[in-house]
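K.L.:
Below is the structure, and that's it, no one-letter string:
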């Protein structure tokens, strides 16, 4: 009889989303097993753009520097919307420490994530093909074949990261709602000797669309759609000659392409599961949502799905949160996925306009992009820094109506800021989140014994129930702060960022989640009331 291998969490799939989920769990010492059908990371470039919010997630995981060494910051895009002079979309407007689209092939993304996982003590069980998934009230049973041997697994929870054709989704009978978009694109990773470009360069006209994405090694990704080749029988294989012919047809002044490393045709669709949670199974990445590649959104969505789910599973498995707390994964991530499916589908319809519609698109597009504030809106939207969770019902219940307008409330993203400790050990906010996970700032303003007493009382109550889950800091504007204990470190809000940007004031308590979003922001200084709020957050 085959013995059953048990674990807390099974991850099915080791693409970017699965590897991100594995790293999130490994960081928190969660017992997991990651199964992957492939023998090694992808050797194809596939997705190549990492958005600002994703790099922030990498920083919270402690892995961003490994990425920044391998790729390069893309400054923006040139859009040829009729006429000779292109319109620019500059990305320096993005409100992040990473105001760019970071260019790195997916193959390197997977390698970096897996290397980090191995360095921290985790691993991927490769060449394991999942053949059956059965869910019960207790957990999930999975059968997989490895080197001809059938292996059986049982886990309390399962994360399905097994792509657009998910076996997990299929076996559980979960719908994948949406439709094919009916267009065929060409894609080539090639050398273009006569092109020297640091911007994404895109041309739209009645003959089709072509976009060039520069790689760090001097080669280019070419993606496009020729209108003359729509409606033909589907095929995957693309020759270099066909790529050249399509470019020559669409572009007024074309380029010679050579030395291909990847050539393919592909179609697009937009689909999404109705609920990102099915019992004890969670869908992330392409297993949860797919859409066309416009705007470089897809892989980023999956990586951020994993960043949202990992710490929540940890909280439940350690007994700090109720199982119902995991419903917040769907509640927070599904609306963002739905909105991006809607946006990318709309973008594709705009690109596909011809005749008078295409002329109107070109005219309005060029007029709009002369305004830097519109550039800013586009750049921040594409970067995912505006993907926030404050509109979910769960987070609305955690709001405090007495806070001033503009103060960060439950679900809002917390921007990174420089924090002043003593002038020699100053630190930015995100490395503190990476180090401690949950942060709590209590704004005492100056030497105020009542607030200091409240902070220490609240700290003791937190330790009684949640152990060392929450790292508490006192925040003052300046001066010399004296306390009876030394376990609560003091931050000096000398830049007034916590006051002006986060909306904190004397007597406020702000709790920040491990993913850099606000858990809640309160004005009460009663320890019991604050414990009720913390308990409410984890329900």
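P.N.:
Right, received. Where do you want to start? Computed from a predicted structure; not experimentally measured. Numbering: from 1, shown residues only.

K.L.:
which residues sit in contact with the residue nearest to residue 311 when sequence neighbours are not counted?
P.N.:
Closest residue to residue 311 apart from its sequence neighbours, by C-beta to C-beta, 6 or more residues apart in numbering: residue 514 at 4.2 Å. Just so you know, the C-beta spots here come from the backbone N, C-alpha and C atoms, and that holds for glycine as well. Applying C-beta atoms under 8 Å, 6 or more residues apart in numbering to residue 514 gives the contacts 60, 311, 433, 437-438.

K.L.:
10 Å instead, please
P.N.:
By C-beta atoms under 10 Å, 6 or more residues apart in numbering, residue 514 lies in contact with 24, 27-28, 60-61, 307-308, 310-312, 314-315, 433-434, 436-439, 469.

K.L.:
Let's see which of these end up in strands.
P.N.:
Counting by DSSP state E, these place 438-439 in strands.

K.L.:
Got a PyMOL select line for the buried ones in the contacts of residue 514?
P.N.:
In PyMOL syntax, the buried subset of the contacts of residue 514 is picked out as below (16 or more other C-beta atoms under 10 Å):
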select buried, resi 24+27+28+60+61+307+308+310+311+312+314+315+433+434+436+437+438+439+469
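
K.L.:
Where does the prediction get shaky in this protein?
P.N.:
By pLDDT under 70, the low-scoring segments of the chain are 1, 83.

K.L.:
quick one: secondary structure of the residue nearest to residue 311?
P.N.:
Per DSSP: H, G, I helix; E, B strand; the rest coil, the secondary structure class of residue 514 is coil.

K.L.:
same thing with the one 4 residues further on?
P.N.:
Secondary structure assignment for residue 518 (three-state DSSP): strand.

K.L.:
Can you tell me the number of residues neighbouring it?
P.N.:
24 (other C-beta atoms under 10 Å).

K.L.:
can you check residue 3 too?
P.N.:
Residue 3 has 7 neighbouring residues, counting by other C-beta under 10 Å.

K.L.:
cool, and residue 494?
P.N.:
Neighbourhood size, residue 494 [other C-beta under 10 Å]: 14.

K.L.:
Next one: the nearest residue to it once chain neighbours are set aside relative to residue 491, how far apart?
P.N.:
Nearest residue to residue 494, sequence neighbours excluded (C-beta to C-beta, 6+ apart): residue 420, at 4.6 Å. Residue 420 sits at a distance of 7 Å from residue 491 (criterion: C-beta to C-beta, to the nearest Å).

K.L.:
Equivalent analysis for residue 519, please.
P.N.:
Taken as C-beta to C-beta, the span from residue 519 to residue 491 is 18 Å.

K.L.:
where's the nearest residue to residue 351 once chain neighbours are set aside, which helix or strand?
P.N.:
Nearest residue to residue 351 in three dimensions, chain neighbours excluded: residue 209, at 5.4 Å (C-beta to C-beta, 6+ apart). Taking DSSP states H and E as the definition, residue 209 sits inside strand 208-214.

K.L.:
quick revisit: which of the contacts of residue 514 fall within helices?
P.N.:
The helices, defined by DSSP state H, take in 24, 27, 60-61, 307-308, 310-312, 314-315, 433-434, 436 from the contacts of residue 514.

K.L.:
burial measure for residue 452, as a count.
P.N.:
Residues within reach of residue 452, counting by other C-beta under 10 Å, total 21.

K.L.:
now swap in residue 278 and tell me
P.N.:
19.

K.L.:
thought it was touching residue 172?
P.N.:
Yes: using C-beta atoms under 10 Å, residue 278 is in contact with residue 172, at 5.7 Å.

K.L.:
Between the two, which contacts overlap?
P.N.:
Counting by C-beta under 10 Å, 6+ apart, the residues touching both residue 278 and residue 172 are 135, 158, 160.

K.L.:
tell me the phi and psi of the last one?
P.N.:
Torsion angles at residue 160 (phi, psi; degrees, to the nearest 10) stand at phi -90, psi 110.
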